[in-house]
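Student: Here is a sequence together with a model predicted from it:
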Amino acid sequence: MAWDETSESICPIARGLSIFGDRWTLLIMREIGMEVRRFEDIQAQTGMSSNLLTMRLKRLEEDGMIERRPYGDRNNRFEYFATEKGKELDAVLLAIRSWGQRWGGFEEDAEPSVNMVYKQTGEVIDPRWQVPRKGFPFSFDDVQCSISEAFLMEREARAAAFKANRRKSGVKETPTEPANAKPASKAAAKTTAAAKRSPAVPVKSAKTVKAAKATKATKATPKPAKAKAAKAR
């Protein structure tokens, strides 16, 4: 079965996977669930390229999983929020968390990266905890969370490394779509994917471009002729 055909299958697993069936999409939804809203912050924590992240965000918006809300004075930058449809994926993320705690190679008494308490009952959500029958659909809105010190340090290190890498390269990476662009169609997403496979063209920083223009202008401007020596009195 071709990947594009999964959205037309009568199997609900196949249809679900056609929307969130890769690690990047699930990591994006994890970050949004942790109230990480902005493009660069999501990129720093997931390690995705700007092109790939742009494609996934546009597809998630197109599928009704997330929505954008403007922030700032100019309304040309957006934050990302999960819709009700997107929040129902929280139960899937919780199941992956539980499986990962049991089989991810952690020590038996290792502290969870995020401590979770179910608000309705005060129960700690451990690897064996299950969503109550009357608690469905589950959402992380139903949970009180506190991040562990180790995971906090890991996230801070990722953010610092992301910023340092950008400063070192001297290239300001920006989304491949304008911040106020409409969600792309599936055909457009395929076009973007094809473009992604093409050789990358280095992007010059604004400072570099400005310096280059200044140098060019200096070379193009003729030097003033030397003034004739004043006649001796």
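Tutor: Nice, I can see it.
Student: Look up the closest residue to the spatially most central residue of the chain, ignoring the ones flanking it.
Tutor: Most central in the chain under Cα atoms, centre = their mean is residue 42, positioned 3.4 Å from the mean C-alpha point. Closest residue to residue 42 apart from its sequence neighbours, by Cβ to Cβ, 6 or more residues apart in numbering: residue 31 at 4.9 Å. Quick note: C-beta positions are derived from backbone N, CA and C, even for glycine.
Student: about what we covered before: thought residue 56 was touching the residue nearest to the centre of the chain, still the case?
Tutor: No: between residue 42 and residue 56 there is no contact under Cβ atoms under 8 Å: 9.5 Å.
Student: Between the two, which contacts overlap?
Tutor: Common contacts of residue 42 and residue 56, defined by Cβ atoms under 8 Å, 6 or more residues apart in numbering, comprise 28, 48.
Student: rewinding a little: does the residue nearest to the centre of the chain sit in a helix, a strand or a coil?
Tutor: What DSSP: H, G, I helix; E, B strand; the rest coil gives for residue 42 is helix.
Student: got the contact list for residue 137?
Tutor: Contact partners of residue 137, counting by Cβ under 8 Å, 6+ apart, are 87-88, 91.
Student: That one in helix, strand or coil?
Tutor: coil.
Student: what's the answer for residue 144, then?
Tutor: Once three-state DSSP is applied, residue 144 turns out strand.
Student: Check the gap between it and residue 83 for me.
Tutor: 22 Å (Cβ to Cβ, to the nearest Å).
Student: now residue 124
Tutor: Distance of residue 124 to residue 83, given as Cβ to Cβ: 28 Å.
Student: who touches the helix or strand hosting residue 92?
Tutor: In the assignment (DSSP states H and E), residue 92 maps to helix 90-103. Residues outside helix 90-103 that contact it (Cβ under 8 Å, 6+ apart) are 20, 26, 29-30, 33, 112, 125-129, 131, 136-140.
Student: and it, C-alpha only, in PDB?
Tutor: Output in PDB follows, covering the C-alpha atoms of helix 90-103 (Å, rounded to 0.1, in the frame of the first residue of the first chain):
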ATOM      1  CA  ASP A  90      -2.600  13.000  23.900                       C
ATOM      2  CA  ALA A  91      -3.800   9.500  24.800                       C
ATOM      3  CA  VAL A  92      -1.600   8.100  22.100                       C
ATOM      4  CA  LEU A  93       1.400  10.100  23.400                       C
ATOM      5  CA  LEU A  94       0.600   8.800  26.900                       C
ATOM      6  CA  ALA A  95       0.600   5.200  25.700                       C
ATOM      7  CA  ILE A  96       4.000   5.800  24.000                       C
ATOM      8  CA  ARG A  97       5.300   7.300  27.200                       C
ATOM      9  CA  SER A  98       4.200   4.300  29.200                       C
ATOM     10  CA  TRP A  99       5.700   1.900  26.700                       C
ATOM     11  CA  GLY A 100       8.900   3.900  26.600                       C
ATOM     12  CA  GLN A 101       9.200   3.900  30.400                       C
ATOM     13  CA  ARG A 102       8.900   0.100  30.500                       C
ATOM     14  CA  TRP A 103      11.000  -0.800  27.400                       C
END
